[in-house]
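Trainee: quick check, what structure comes out for this input:
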Amino acid sequence: MELINILTYISGLCIIFVLCRIFILPLKFIFKLFLNSFIGAAIIFIINLIRKFI
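Mentor: A predicted model of the protein is given here:
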């Protein structure tokens, strides 16, 4: 392979790595926010069920 092809592949891999690092952190935050919202809604639902029988 020519040197220019090798440098192109290496730079492409570096760009993909950087983009993945940039987008993974917000996805973790969104997933954590969704999980906490789901747990909160489940707790409110359970409390409402308990209050019906009291």
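
Trainee: any idea of the mean pLDDT in the strand or helix carrying residue 13?
Mentor: Assigned by DSSP states H and E, residue 13 belongs to helix 3-53. The average pLDDT within helix 3-53 is 89.

Trainee: show me how far it is from its chain's centre.
Mentor: Put simply, helix 3-53 sits 1 Å off its chain's centre (CA atoms, centre = their mean, to the nearest Å).

Trainee: what's that helix packed up against?
Mentor: Based on contacts counted as 3 or more CB pairs under 8 Å, 6 or more residues apart in numbering; DSSP states H and E, there is no element that helix 3-53 packs against. Quick note: C-beta positions are derived from backbone N, CA and C, even for glycine.

Trainee: what about the one residue sitting closest to the centre of the chain, distance to residue 19?
Mentor: In the chain, the centroid-proximal residue (CA atoms, centre = their mean) is residue 27; its distance is 2.1 Å. Distance from residue 27 to residue 19, counting by CB to CB, to the nearest Å: 12 Å.

Trainee: one more: residue 10?
Mentor: Residue 10 is 15 Å from residue 19, by CB to CB.

Trainee: still on that earlier bit, ok, now which ones touch the residue nearest to the centre of the chain?
Mentor: Neighbouring residues of residue 27 by CB atoms under 8 Å, 6 or more residues apart in numbering: there are none.

Trainee: count of neighbours near residue 7?
Mentor: Residues near residue 7, counting by other CB atoms under 10 Å, number 10.
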